[in-house]
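> fold the following.
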Amino acid sequence: MRAKASDMHSKDCVKVAVRVRPFNKRERDAGSRCIISLVSTSISIQDPRDCHNRRSFCFDYAYWSHSGFTRDQTGLFVPEELGGRYADQGYNATLLAYGQTGSGKSYSMVGYGPNKGLVPKLCDRLFEAIREHQENRQCQVVDLLSRGSRSAAGLRVREELQRGFYVEGLRKIPCENALQVEQLMEQGTRTRTTAATQMNANSSRSHMLIILQLKQIFSKESITKQSNINLVDLAGSERQRSSGSEADRLKEGTAINLSLTTLGNVISALADVAVGKKVVHIPYRDSVLTKLLQSALGGNSRTVMIATLSPADICYEESLSTLRYAERAKRIQNRAVVNESPTERLVKELKAENARLLQKLSRMDQEGRRATDESKELRQLLTQNELQIRAIQTLWEQHLQEALKDWEQQYANITQERRMMQMYPYILNVNEDAQLSGVVKLFIQEGEWGIGLCDSAPRSISIKGLGIQDHHAVFRNEQRRVTLTPLTGSKVIVNGNAVYETAELQHLDRLILGSNCTYLFIGYPSERGGEDWSRYDYDYFQSELAAAEGIHLSGNGCSQTDPSLLAVFYDYIQLMPMVAEANQMSQELSKGVEFKLEIKNLALSDSRGHDLQKDIVVRVTDAGSKQASVAQVWMWSKAKFVNRKFLMEEVYQQFKAAQHEDNRVESLPAVVLPRDKDPFWDPVEPLLLGTAHLWLQSLAFRIPLEEQLEMLGSEGTEEAILQAQLVPCTSTGLPLGEDDILIDPSEVLGRRLDFQLVLDQCCGVRWIREARNRGIQIGVFDCSELLYTPAVWHNINPLLDHRVQFTSLQTSQRLLDYLQSSAVVLELWGLQEGCSVLSSSLGAVRMTAEGVFIIDLLDPSQAALSDSAELSCSVRALQEDLEKLKRLNESLRKENHSLTEQLNTVKTGGDGARGRSLRPSCDAEFARALKVFYHSMTSEESDLLGLRLFVDEQSRLLRDFSEQLEVSVSTLKQDVAAIKVKNSSGTGAVLSRLAVTPCGSVGNEGRRNLRCVPLAAVP
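Next comes the predicted model:
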């Protein structure tokens, strides 16, 4: 990492640092390119779709980790960046890490392996400074504030006038060295991971807040300075992709995004205040996050924000949003002051009061017995102050001793866990967030151990998560062999395959219990070799599941894989656990809704045969709808499903809270919500079921075409068979005959071309076969607009009998090229009860007076441009002709002048011989020119004669071929008749005479498919 820092500002503005991480595996596999550059503290980002669109930002610090780093023997990648030590000065300090998911926030804050993050490095620096200065300091770590609080409702956030907002009930544990801080962080991460599995998400999606309290006691000055160091790792700030985002009738579903939105509103308001704008209200109270960060943003703190970025082009919009966010944050101004501990200040005041009392008592003793009663009162007050000081100090020391006992117990648990890792096999949690993976270890000791929600049994392993039953499965550890037996109704997956019977586990087997509780099985220490466990990450688990469903990447290596397909694959495995969780919530809530992932446009192409852009959609089927007699179906985009899934979590948590209050779970009815607030429901809409291509090449030759087209779904499934025709016709709609067939398509240039698209019948519609009260429509994509046939309901083989006529009043070369290389795309749309029928968009369609659709016409602006271009070319050509005529006229004038002079010379009696020799010379040149012209004409005549002979020869060959063809056909008929007579005299078998006819399905390469059509049957 190369660090560049600008000079510190004199004002207490929020300092902003930016870190650009290296490409991750997904980005490398997708062939991403770097769009971010760094010069000093200025960072630039380029729009991958527009090379001229580049945005630049300037920050206080800039870190480049994308390239140029080295790795030493210990595995360390980056050096430590030197910075200011605000805590040593008695100020509150805050470090915020902000960025999209996967941009490196947790890596920057916590680190991974030997590459320590800012938090452990900060602790090392603090304790190093303590040892150097040899001062009496105490460092305390506040436990993690996460969703996994002991209370079901979480810890409460309260407010006091002096303290501001604080979290009630947080544990404070004293630490003597940086190692203890790291161990406490590990314990907090364990709690955070457990909380994530107790919910229903595969990752925590929570903010992590670590508070270090540093107290400095200066004995000589009797001053105590206290600093609160807030280290905040915010949840991912990624937004939905514009290509997949859509307006949803329901609000944003995740409270995490709401808290980040509130944080953005606070930063924007504070930035406006910094530039002098009048702001009425700063919304600190709108979320718990902004309440806790009030002192860090515009309050009593010195704050640094580190914005983490991905340099990949596929993350351009998210990275640009992060940079804009950070740019606003750097304008915020804080008001940091030195803090003194209230307890120490009280002790100091009591000691000062005691000193005054002692001085007064001393003067009174010198004055004699006059103030005996007053002296007694002063001595009594002095004793009370001493007792109060001793009580305060004793209470504080007792608090530290109790916290120390708690820490010793945690340390003993960690030590016991490490000892058991060297004795028994265990399962290790695997999480989408790499920082949360590997922190939960469930040991499988000798004997039989049940695993599930129930923790009352003596030999049980308790886990929580979606789809986990009270008694889910049984582990057996006998003779150093571990087996896993699923119990009835439980879901257990081993290495991507569902398991229903006892299976023996091997070292590094992958387990999925319930919907998405993922674990890696670690065998006995003797089975553990030098394998790299890190390769079995969360994506590996999901890739195994996808491969079991038939979704996997083909090819020998990722370098041979299409980046667009790779992006779709990663989206697929990212949504798989979310779909499993949504299905489990639907089941437990008795909603009757099923979710299924599909790849949109996997097997579809456009009108020219090019592959369409692929995307992930979720097919939603409501089989339990009471309002409809059959199942309702929706297609949700990725963005819409993700938002709805968070809303489902809220409903599910409310349901679980009601279950917790009422132990009689069976008495709870199914969750019923109003339609406008139900995340499992949407108004029904027409669904695109499949498409087919009817190639237009035959129209260029005016040849009729009749086809039976397969209507294929997004994933290549056959949805129906469509009988369609292309019929060249006259302007009145009469079909053309064989005599109108063209050998050269260019013959139609500049002439009118009419044809009809006939949709006869749709056979075997699977959509209606599944439910008879459904309907269909066919959408016709011509070269300009989308037209729809009338809706047809309740028929598996609906008769369409739909005819549309198109015309080109003046056929252009562009239209001919389109006909010979393109197809008309026919779309099959499914209708269901309650949805509106699709209507054709005829606003921009041109039609003749007879109702014929006009194609290949330019709009007025294009026509004007074309006319002006043609006029310009004509004027230019006329000017060139005029120049040629001028030059020719000049040469003729000169020649005429020369001839006039020669004629005058002859007339004046010049040399007779010279005159006589001049005329024969001119006549000879003229004769030679005539001879050349005659020879050229003779040559052209001979060429024409040769061409005529060639045409005659070809005509003769065609006549011979026609005669031979007639003889062959006659012979074939005789043979068929003979076979017919022979078969008739036999067993009376049925004969079907087949005629092989050209199908006319011509692709871009001019291919023709042959189709066998039964013409007759003999009983």
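> which other helices and strands does the helix or strand containing Met364 contact?
Using DSSP states H and E, Met364 maps to helix 342-367. If you count contacts as 3 or more Cβ pairs under 8 Å, 6 or more residues apart in numbering; DSSP states H and E, helix 342-367 packs onto helix 372-421. Quick note: C-beta positions are derived from backbone N, CA and C, even for glycine.
> next secondary structure after the helix it packs on?
Next helix or strand after helix 372-421 toward the C-terminus (DSSP H and E): strand 426-429.
> adjacent strands (with direction) for that next one?
strand 441-443 (antiparallel), strand 517-522 (antiparallel) (DSSP bridges).
> adding mean pLDDT, write those out as JSON lines.
Converted to JSON lines, these look like this (pLDDT from 0 to 100):
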{"stretch": "strand 441-443", "mean pLDDT": "91"}
{"stretch": "strand 517-522", "mean pLDDT": "93"}
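> between those strands, which one is closest to Tyr316.
Of all the strands paired with strand 426-429, strand 517-522 sits nearest to Tyr316, with 31.2 Å by Cβ to Cβ.
> skipping its backbone neighbours, what lies nearest Leu736 in space?
Leaving out its chain neighbours, the residue that sits closest to Leu736 by Cβ to Cβ, 6 or more residues apart in numbering is Pro728, at 4.6 Å.
> give me the three-state assignment for that neighbour.
strand (DSSP: H, G, I helix; E, B strand; the rest coil).
> what of Phe569?
On the three-state scheme (three-state DSSP), Phe569 is labelled helix.
> pull the number of nearby residues for it.
Applying other Cβ atoms under 10 Å, we find 23 residues neighbouring Phe569.
> quick check, Gln613 in contact with Asn601.
Yes: Gln613 sits in contact with Asn601 when judged by Cβ atoms under 8 Å, with a separation of 6.5 Å.
> between the two, who's got more neighbours?
Legend: neighbour count by other Cβ under 10 Å for Gln613 and Asn601, higher for Asn601 (17 against 10).
> please name the nearest non-neighbouring residue to the more buried one.
Leu612 (3.9 Å).
> pretty sure the one you found sits against Leu604.
Yes: Leu612 is within contact range of Leu604, at 5.2 Å (criterion: Cβ under 8 Å).
> higher neighbour count, those two?
Leu604 (20 against 14).
> kindly format the C-alpha coordinates of stretch 804-815 as PDB.
Once non-C-alpha atoms are left out, stretch 804-815 reads as follows in PDB (Å, rounded to 0.1, in the frame of the first residue of the first chain):
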ATOM      1  CA  VAL A 804     -51.400  -8.700 -40.700                       C
ATOM      2  CA  GLN A 805     -50.300  -7.000 -44.000                       C
ATOM      3  CA  PHE A 806     -47.200  -5.000 -44.300                       C
ATOM      4  CA  THR A 807     -46.000  -2.900 -47.300                       C
ATOM      5  CA  SER A 808     -43.000  -1.000 -48.500                       C
ATOM      6  CA  LEU A 809     -44.100   1.700 -50.900                       C
ATOM      7  CA  GLN A 810     -40.600   2.100 -52.300                       C
ATOM      8  CA  THR A 811     -38.300  -0.800 -51.400                       C
ATOM      9  CA  SER A 812     -34.900   0.300 -50.400                       C
ATOM     10  CA  GLN A 813     -31.600  -1.500 -50.100                       C
ATOM     11  CA  ARG A 814     -31.800  -1.200 -46.400                       C
ATOM     12  CA  LEU A 815     -35.100  -3.100 -46.300                       C
END
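> quick one: average confidence on it?
Stretch 804-815 shows an average pLDDT of 89 in the prediction.
> same deal with stretch 488-503?
Across stretch 488-503, pLDDT averages out at 92.
> got the contact list for it?
Contacts to stretch 488-503, defined as Cβ atoms under 8 Å, 6 or more residues apart in numbering, come from residues 452, 467, 469, 472-473, 483-486, 505, 509-515, 541, 544-545, 547-548.
> let's see which of these end up in strands.
Among the contacts of stretch 488-503, the ones falling in strands (DSSP state E) are Gly452, Ala473, Thr483, Leu484, Thr485, Pro486, Arg510, Leu511, Ile512, Leu513.
> so where do the helices sit in the stretch 801-950 of the chain?
Remark: helices assigned in the stretch 801-950 of the chain by DSSP state H, counting those that start in this stretch are 813-821, 860-907, 912-984.
> again with the stretch 601-750 of the chain
All helices of the stretch 601-750 of the chain, identified by DSSP H, counting those that start in this stretch, fall at 638-661, 697-700.
> from Leu757, how far off is the closest residue to Arg752 other than its chain neighbours?
For Arg752, the nearest residue in space outside its immediate sequence neighbours is Leu809; the separation is 5.6 Å by Cβ to Cβ, 6+ apart. For Leu809, the distance to Leu757 (Cβ to Cβ, to the nearest Å) stands at 18 Å.
> more neighbours: those two, which one.
Ranked by neighbour count (other Cβ under 10 Å), Leu809 and Leu757 place Leu757 first, with 21 against 16.
> quickly find the element holding that one.
Per DSSP H and E: strand 753-763 holds Leu757.
> give me the mean pLDDT for that strand.
So the average pLDDT for strand 753-763 ends up being 94.
> check which residues of the helix or strand following it are buried.
Where DSSP H and E defines the elements, the next helix or strand beyond strand 753-763 is helix 766-770. For helix 766-770, the buried set under the neighbour-count rule, 16 or more other Cβ atoms under 10 Å, comprises Arg766, Trp767, Ile768.
> contacting residues around helix 766-770?
With Cβ under 8 Å, 6+ apart as the contact definition, helix 766-770 has outside contacts at 689, 717-720, 774-776, 794-796, 798, 828, 830.
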